[in-house]
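Undergrad: Need a 3D model of the following:
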Amino acid sequence: MKKNFIGKICWCLSIMLTVMCFYSPVQAADSPDTPEKESIIHILFIGNSSTYYNSMPKIVEGLANANGIPTEVSSITAGNYKLTQFADTTNAYHKQIAETLKKEKWDYVVLQDHRESVIQSLSESEKAVTSLKKMIDEAGAQTILYETQADLNGRDFKIDDISVFLEQEQIQYLLNRNYYELSNKLNVALSPAGMNYVRCMQVYPEINLYYTDFQHPSLAGSYLAACSLYETIFDDSVYENEFVPGSELDEEGLLKGLELEEAQKIQAVADERLSIKEKTQTIVKGFTGKITVERKTSENNLLYEEIGSRVRYLSLNDRVVSVNQNTGKITALKPGETMIMALTDSGVMALSSVSVTQPATSISIEEKNGIKLYRGDKLSFTVSLAPIDSTDSIQWTSSDPKIVSVSASGEITAKKIGTAKITAETDSGIKETRTVYVRLKAVTKVKAKKVKTSQKKKASVKITWKKNSAAVVYYVYRRVKGSSKYKKIANAYSAKYTDKNRVKGKTYYYKIRAVYSITKCNSLKSAYAKITVK
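TA: Next comes the predicted model:
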């Protein structure tokens with residue numbers, strides 16, 4: 001299993017490396033417009049050491065102010081923390097985040113998760129981001145996801161409860177793919193700064209982006225992350241920004257130790273952005289769609305002058321969706337989900353999430369129409385859709401839930417005497433209905449007793465039974481010994497009836513049926529009561 005997992009990653013990497021896929025930013029399509037320069041933009045950063053190392057948020061502030069965008073930043077960070085901890089309502093940092101969002105006005109909140117979470121438990125990351133985003137939305141701010149760098153020398157991760165060692169490129173591939181999945185699903189902007197690490201190391205290997213532990217960012221690495229975040233947040237080029245080493249704008253000396261040439265090269269790497277208009281799309285099997293991209297870079301950025309601006313496309317699962325590598329036209333082949341990668345010759349890339357559906361053409365319910373139940377009974381319908389690969393879900397409804405309720409899974413519960421129609425409807429609008437009758441239970445405790453009379457040859461028989469409160473009338477049936485057929489002899493409106501003029505010496509059998517207004521809700525005939533008239 002471990003070999004298969006690593007093999008899949010290496011396959012994806014080999015394809016990307018073939019087309020120079022050394023990843024880069026950005027989801028600019030969701031980035032906000034550049035704010036008015038007279039107002040101050042407030043940005044809150046939430047994350048761990050990959051955020052607070054080298055005062056990275058303050059570098060973002062410096063870049064913004066240098067480009068005439070008055071900006072102030074603040075941070076809530078904790079070493080080795082995960083967003084699941086920040087989202088935990090019992091956590092002290094969560095309370096601090098809630099208070100901070102309420103107390104001050106924020107324009108953007110940058111969320112940075114631990115790479116272990118994003119790679120090992122993406123669903124938990126999604127829950128955490130969803131929870132925090134709700135708080136951010138309520139505060140009137142926009143959420144930005146900040147993807148960090150991989151460990152330079154690789155490390156062990158637990159994938160499906162198996163310990164697997166991943167190289168730097170493999171880690172970065174998974175971070176990029178999973179962060180884009182979060183970004184697309186939750187519709188938030190993404191700054192894949194970690195991908196710019198890989199690209200920068202390819203173009204400028206002389207720049208050391210890592211601290212001595214080969215895990216945390218060096219000052220150059222933090223500057224690269226800040227440049228990437230600046231471009232995502234403000235949808236603005238960082239190229240030739242004046243917040244560089246030695247500039248009087250760096251009043252706090254944040255960039256002391258970084259070379260001016262290094263900073264300029266980092267700005268050039270972070271400058272190119274690629275965004276996909278269709279972050280998510282759903283296509284019916286057999287139909288086609290399109291990936292539309294927008295590429296942005298400064299005209300005077302010489303780094304990309306000779307590389308060209310061609311964009312190519314790759315499906316991460318070509319059994320589900322195929323894509324024309326030159327035009328971005330996609331064809332849905334099989335129900336499922338995958339991602340389409342758009343990448344430039346310079347290695348800048350973005351990912352779009354695609355779901356392929358197969359609508360149902362028919363629906364059938366195994367249970368026959370006219371189901372009869374007693375109050376309290378439960379029954380689960382057995383349903384099949386065609387074609388067999390249909391992705392439609394089924395919605396269940398009851399015409400009268402007070403009589404028969406139905407759950408989301410199709411389990412019905414008989415609650416009250418009467419009739420109701422249960423309908424199963426697919427996403428594509430195909431319906432199938434079954435009528436359910438909740439019937440009266442059979443009458444019990446039927447007894448027959450001779451009534452005293454002065455007649456010599458005839459007598460009366462009194463029949464009694466247990467009352468059923470839901471019955472509107474009772475049918476009384478009788479047969480004489482020697483006859484096999486019961487005949488209805490009377491309607492009774494209480495739980496008793498007197499059958500007069502019965503011949504002495506004969507044996508009689510009586511049965512009772514509880515009757516409701518709807519025939520199919522009537523009870524079955526009761527067990528008989530026997531009496532020999534003497």
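Undergrad: Show me what Arg155 bridges to in the sheet.
TA: Leu166 (DSSP bridges).
Undergrad: just Lys511 next, same as before
TA: Bridge pairing for Lys511 - DSSP bridges - gives Tyr477.
Undergrad: what's near enough to touch it?
TA: 446, 476-478, 486, 525-529 (CB atoms under 8 Å, 6 or more residues apart in numbering). For every residue, glycine as well, the C-beta is placed using N, CA and C.
Undergrad: Kindly recompute the last result at 6 Å.
TA: 477, 486, 525-526, 528 (CB atoms under 6 Å, 6 or more residues apart in numbering).
Undergrad: Tabulate those residues (CSV), appending distance to Tyr437 and secondary structure.
TA: Shown next, in CSV, are the contacts of Lys511 (distance: CB to CB, whole Å; DSSP: H, G, I helix; E, B strand; the rest coil):
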residue, distance to Tyr437, secondary structure
Tyr477, 21, strand
Tyr486, 23, coil
Lys525, 17, coil
Ser526, 19, coil
Tyr528, 25, coil
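Undergrad: Could you list the low-confidence segments of the stretch 251-400 of the chain?
TA: 305-308 (pLDDT under 70).
Undergrad: Strands of that one, residue ranges please.
TA: Using DSSP state E, counting those that start in this stretch, the strands of the stretch 251-400 of the chain run over 273-276, 280-284, 288-290, 293-296, 311-315, 321-323, 329-332, 336-344, 349-357, 362-365, 371-374, 378-380, 383-386, 394-398.
Undergrad: Could you dump these into a markdown table with distance to Tyr53 and mean neighbour count added?
TA: As requested, these are exported to a markdown table (distance: least, CB to CB, whole Å; neighbours: other CB atoms under 10 Å):
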| stretch | distance to Tyr53 | mean neighbour count |
| --- | --- | --- |
| strand 273-276 | 24 | 25 |
| strand 280-284 | 33 | 16 |
| strand 288-290 | 41 | 16 |
| strand 293-296 | 28 | 17 |
| strand 311-315 | 33 | 20 |
| strand 321-323 | 38 | 22 |
| strand 329-332 | 40 | 20 |
| strand 336-344 | 29 | 22 |
| strand 349-357 | 25 | 24 |
| strand 362-365 | 57 | 15 |
| strand 371-374 | 66 | 16 |
| strand 378-380 | 56 | 14 |
| strand 383-386 | 53 | 16 |
| strand 394-398 | 50 | 17 |
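Undergrad: Tell me what angle the longest helix along the chain forms with strand 280-284.
TA: As assigned by DSSP state H, the longest helix anywhere in the chain is helix 168-186. Helix 168-186 runs at 80 degrees relative to strand 280-284, counting by axes from the mean of the first three to the mean of the last three CA atoms, to 10 degrees.
Undergrad: Contacts for helix 168-186 next, please.
TA: With CB under 6 Å, 6+ apart as the criterion, helix 168-186 contacts 9, 13, 23, 27, 115, 118-119, 122, 126, 129, 145, 147, 150, 152, 154, 190, 192, 194-195, 198, 279-280, 351, 353.
Undergrad: Looking at the residues you listed, which are in strands?
TA: 145, 190, 280, 351, 353 (DSSP state E).
Undergrad: pull the CA atoms of the longest helix of the chain into CSV?
TA: Taking Å, rounded to 0.1, in the frame of the first residue of the first chain, the C-alpha atoms of helix 168-186 are listed here in CSV:
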residue,chain,number,x,y,z
GLN,A,168,10.2,17.8,-0.3
GLU,A,169,8.6,17.8,-3.7
GLN,A,170,6.1,15.1,-2.7
ILE,A,171,5.1,17.1,0.4
GLN,A,172,4.8,20.3,-1.6
TYR,A,173,2.7,18.6,-4.2
LEU,A,174,0.2,17.3,-1.5
LEU,A,175,0.2,20.7,0.2
ASN,A,176,-0.6,22.4,-3.0
ARG,A,177,-3.3,20.0,-4.1
ASN,A,178,-5.0,19.9,-0.7
TYR,A,179,-4.8,23.6,-0.1
TYR,A,180,-6.4,24.2,-3.5
GLU,A,181,-9.1,21.7,-2.7
LEU,A,182,-9.9,23.7,0.5
SER,A,183,-9.7,27.0,-1.4
ASN,A,184,-12.1,25.8,-4.1
LYS,A,185,-14.5,24.1,-1.8
LEU,A,186,-14.8,26.9,0.7
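Undergrad: Show me where the stretch 51-200 of the chain has its helices.
TA: 56-66, 83-86, 92-103, 115-120, 122-138, 168-186, 193-203 (DSSP state H, counting those that start in this stretch).
Undergrad: JSON lines for those, including mean neighbour count?
TA: Shown next, in JSON lines, are these (neighbours: other CB atoms under 10 Å):
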{"stretch": "helix 56-66", "mean neighbour count": "24"}
{"stretch": "helix 83-86", "mean neighbour count": "22"}
{"stretch": "helix 92-103", "mean neighbour count": "14"}
{"stretch": "helix 115-120", "mean neighbour count": "21"}
{"stretch": "helix 122-138", "mean neighbour count": "17"}
{"stretch": "helix 168-186", "mean neighbour count": "21"}
{"stretch": "helix 193-203", "mean neighbour count": "24"}
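Undergrad: Tell me which of those helices sits nearest to Ile43.
TA: Judged by CB to CB, the one of the helices of the stretch 51-200 of the chain that comes nearest to Ile43 is helix 56-66, at 6.9 Å.
Undergrad: Tell me, how many residues neighbour Asp161?
TA: 7 (other CB atoms under 10 Å).
Undergrad: Next up, phi/psi of the nearest residue to Thr338 once chain neighbours are set aside, please.
TA: Leaving aside its sequence neighbours, Thr338 sits nearest to Asn317 (CB to CB, 6 or more residues apart in numbering; 3.8 Å). The phi and psi torsions at Asn317 (degrees, to the nearest 10) take the values phi -150, psi 90.
Undergrad: got a pLDDT number for Ser407?
TA: On the pLDDT scale, Ser407 is placed at 97.
Undergrad: Over to Ile412?
TA: 97.
Undergrad: list the contacts for it?
TA: 379, 404, 406, 422.
Undergrad: Those in strands, which ones?
TA: Short answer: the contacts of Ile412 in strands (DSSP E) are 379, 404, 406, 422.
Undergrad: Just the closest of those residues to Val73, please.
TA: Nearest to Val73 out of those is Val406 (CB to CB; 53.1 Å).
Undergrad: I figured that closest one was touching Ala424, is that so?
TA: No. Val406 lies out of contact with Ala424 (CB atoms under 6 Å); the separation is 9.0 Å.
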